[in-house]
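**Q** Turn this into a model:
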Amino acid sequence: MNLKLIFSAALLSLTGVFVQAQQAVKISGQINFERKAVKLFEVKEGKVAEIANAVPQNNKFGFLFYPKYEGIYVIGTGNEAGPSENYTFYFKGGEQLDLTLEPKTYALNGTSNSKENVILKQWHDLTDPIYQKSVNFAGQNSTFVDYFPLQEEIVAKSKTFLNGKSSGNPKFDKAIKDIMEMDLISYATNFINTPRSAHPGLEEYSDFYSTIKAQNITKSTSKIYNYPWGQRALTSLIMINMRQDNKPFKPGEEGLNTRLSYVLNDTLKGNIVLDNLSGLKNYGDYKTMADKFSNLIMTKSQKDRNNAIMSPLLTYKAGTDAFQFSYPDKEGKQVSLASLKGKVVLVDVWATWCGPCKQEIPHLKKLEEQMHGKDVAIISLSTDAVKDKDKWLQMIKDENLGGIQLFAGGPGNEFSQYYKVNTIPRFLVFDKQGKIVTVDSPRPSNPALKELLEKELAK
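**A** Purely as a prediction, here's the structure:
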């Protein structure tokens, strides 16, 4: 078995990953049961994302990769949905990991493993009995009767687990405390929220459940975002806290507000809003809910996910609300669609590098002259990359471009995503009330565009 080939394949599978660490992590492994692949996951905002996989050869596998960050990674034969058949390891760069995957557990081999991963294995061994009953429970008939006493015993032992244990890595020694807390919450909530042959009443919950509160782990994003199944665990914990507080599970805005009340951090609240929006089936329901909670959708990843949820629901029918954009002009002043209410608005989506876009410029200038003095606003929305902003400014000057020149900042801008602008130039028309007329109008070189604008002006 030539592990070098497997290492090389794993390294190639990570092409394009931004390398921050100076040293690679080398993982050598053996698997003692049948699985098609062993997977390597990174942690992204409280979820895991597969970054490489290795097909075992003669029951051996390996990875060679440069970690993007110092912290928790996951190796296993499970999937991104949950911790079953997946195990946590800590990498910062330069480590070697030698492990054997067994059915429902793993072992570390030799003496080359880092102190961080030795401590994580010791923690795994302590908590494995409740991990098996809570997470890997297929084929078992575990109920609260046998699970609760075992959980209380392990929770008690966890309080002294770190005594005398130090990795020599201050960052890990701080992180392990959060990992332990989140593991115990994850197992406890997963047990309650998965099918069992018998379920406890609230009065039968063991003592540990009275100590785990969503507010305690949502003061910032740290505990949720750095834990592989953080968002999953938070959702489960909120459900349990609601039962404990006798809060009914209601649909719509009222139910969402109840769930949000258990979370302190606004970014984490935004993820709960997006989970709710992802279940809506039509744009009307989506818009009603999104408008009320849009202030909680703040980060780039949240905005990207919001666009992905919204996009399939959009019909772009005439008379429906337009996307409320706001972008800087050539002087840096923000210009919004709302500020142009009372005018028919034509938006030209273009870029300085686009030949067909530049061919339309003389026709667009002529149209501007024809619309002069009328309630028409003509916007040229540049999708040039941020690094090419100076080229955009220079072209405005060189070509004496008129109208309202706005800079959207790259083809992935929100306007282009919203209207699925995949090719340019693209022309869109909105009425005086900010409603859609058409999201794919004729070009200025076609007289039909002038006729369309005049028709809207006459209304």
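
**Q** helices or strands up against the helix or strand encompassing L150?
**A** Assigned by DSSP states H and E, L150 belongs to helix 144-158. Packing partners of helix 144-158 (3 or more Cβ pairs under 8 Å, 6 or more residues apart in numbering; DSSP states H and E): helix 115-134, helix 170-192. Where you see a C-beta, it was placed from the backbone N, CA and C, and this is true even at glycine.

**Q** With mean neighbour count added, can I get the ones you listed in TSV?
**A** Converted to TSV, the helices and strands packed on helix 144-158 look like this (neighbours: other Cβ atoms under 10 Å):
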stretch	mean neighbour count
helix 115-134	19
helix 170-192	19
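
**Q** I'd like these as JSON lines, with mean pLDDT and distance to E204 appended.
**A** Below are the helices and strands packed on helix 144-158 laid out as JSON lines (pLDDT from 0 to 100; distance: least, Cβ to Cβ, whole Å):
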{"stretch": "helix 115-134", "mean pLDDT": "97", "distance to E204": "16"}
{"stretch": "helix 170-192", "mean pLDDT": "97", "distance to E204": "11"}
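
**Q** can you redo those helices as TSV with distance to L406?
**A** Listed next are those as TSV, based on distance: least, Cβ to Cβ, whole Å:
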stretch	distance to L406
helix 115-134	50
helix 170-192	44
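
**Q** Nearest to D266, out of those helices?
**A** Proximity to D266, assessed across those by Cβ to Cβ, is greatest for helix 170-192 (20.2 Å).

**Q** In terms of secondary structure, what does that closest one contact?
**A** Checking 3+ Cβ pairs under 8 Å, 6+ apart, helix 170-192 ends up next to strand 71-76, strand 86-91, helix 115-134, helix 144-158, helix 222-225, helix 230-244.

**Q** Looking at the helices and strands packed on helix 144-158, which is nearest to S294?
**A** Going by Cβ to Cβ, the one of the helices and strands packed on helix 144-158 nearest S294 is helix 170-192, 29.2 Å.

**Q** Check the offset of the closest one from the chain's centre.
**A** 21 Å (Cα atoms, centre = their mean, to the nearest Å).

**Q** Find the residue at the geometric middle of this protein.
**A** S301 (5.1 Å; Cα atoms, centre = their mean).

**Q** Show me the helices in the chain, by range?
**A** 3-13, 115-134, 144-158, 170-192, 222-225, 230-244, 252-260, 266-277, 283-293, 300-310, 355-370, 389-398, 414-418, 447-457 (DSSP state H).

**Q** how close does S294 get to V43?
**A** S294 sits at a distance of 27 Å from V43 (criterion: Cβ to Cβ, to the nearest Å).

**Q** In contact with the residue nearest to the centre of the chain, which residues?
**A** E45 (Cβ atoms under 8 Å, 6 or more residues apart in numbering).

**Q** ditto for I192
**A** Counting by Cβ under 8 Å, 6+ apart, I192 makes contact with H199, P200, Y209, S236, I240.

**Q** Show me which of these is closest to N257.
**A** Nearest to N257, judged by Cβ to Cβ, of these is I240 at 18.4 Å.

**Q** Show the model's pLDDT score for the closest one.
**A** Turning to I240, the model gives it a pLDDT of 97.

**Q** And it, how far from Y205?
**A** With the distance defined as Cβ to Cβ, I240 ends up 8 Å from Y205.

**Q** Looking at these two now, which is surrounded by more residues?
**A** Ranked by neighbour count (other Cβ atoms under 10 Å), I240 and Y205 place I240 first, with 20 against 17.

**Q** Which residues lie in contact with that one in this structure?
**A** By Cβ under 8 Å, 6+ apart, the contact set of I240 is T189, I192, N193, Y209, I212.

**Q** Include distance to I361 when you put those residues into JSON lines, please.
**A** Output for those, formatted as JSON lines (distance: Cβ to Cβ, whole Å):
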{"residue": "T189", "distance to I361": "59"}
{"residue": "I192", "distance to I361": "64"}
{"residue": "N193", "distance to I361": "59"}
{"residue": "Y209", "distance to I361": "67"}
{"residue": "I212", "distance to I361": "62"}
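
**Q** Out of the residues you listed, which comes closest to P251?
**A** Checking the contacts of I240 against P251 with Cβ to Cβ, the nearest one is N193 at 18.6 Å.

**Q** Contacts only, for the closest one.
**A** Contacts for N193 (Cβ under 8 Å, 6+ apart) come out as S236, M239, I240.

**Q** G94: how many residues sit nearby?
**A** Residues near G94, counting by other Cβ under 10 Å: 13.

**Q** Settle this for me: it is touching V25, isn't it.
**A** Yes. G94 is within contact range of V25, at 7.3 Å (criterion: Cβ atoms under 8 Å).

**Q** Output the below-cut-off pLDDT ranges for the chain.
**A** Across the chain, the ranges flagged by pLDDT under 70 are 1-21.

**Q** Would you agree K47 is in contact with E80?
**A** Yes. Counting by Cβ under 8 Å, K47 does reach E80; the two are 6.9 Å apart.

**Q** Can you pick out the residue with more neighbours from those two?
**A** In this view K47 and E80 are compared by other Cβ under 10 Å, and K47 has more residues nearby, 19 against 14.
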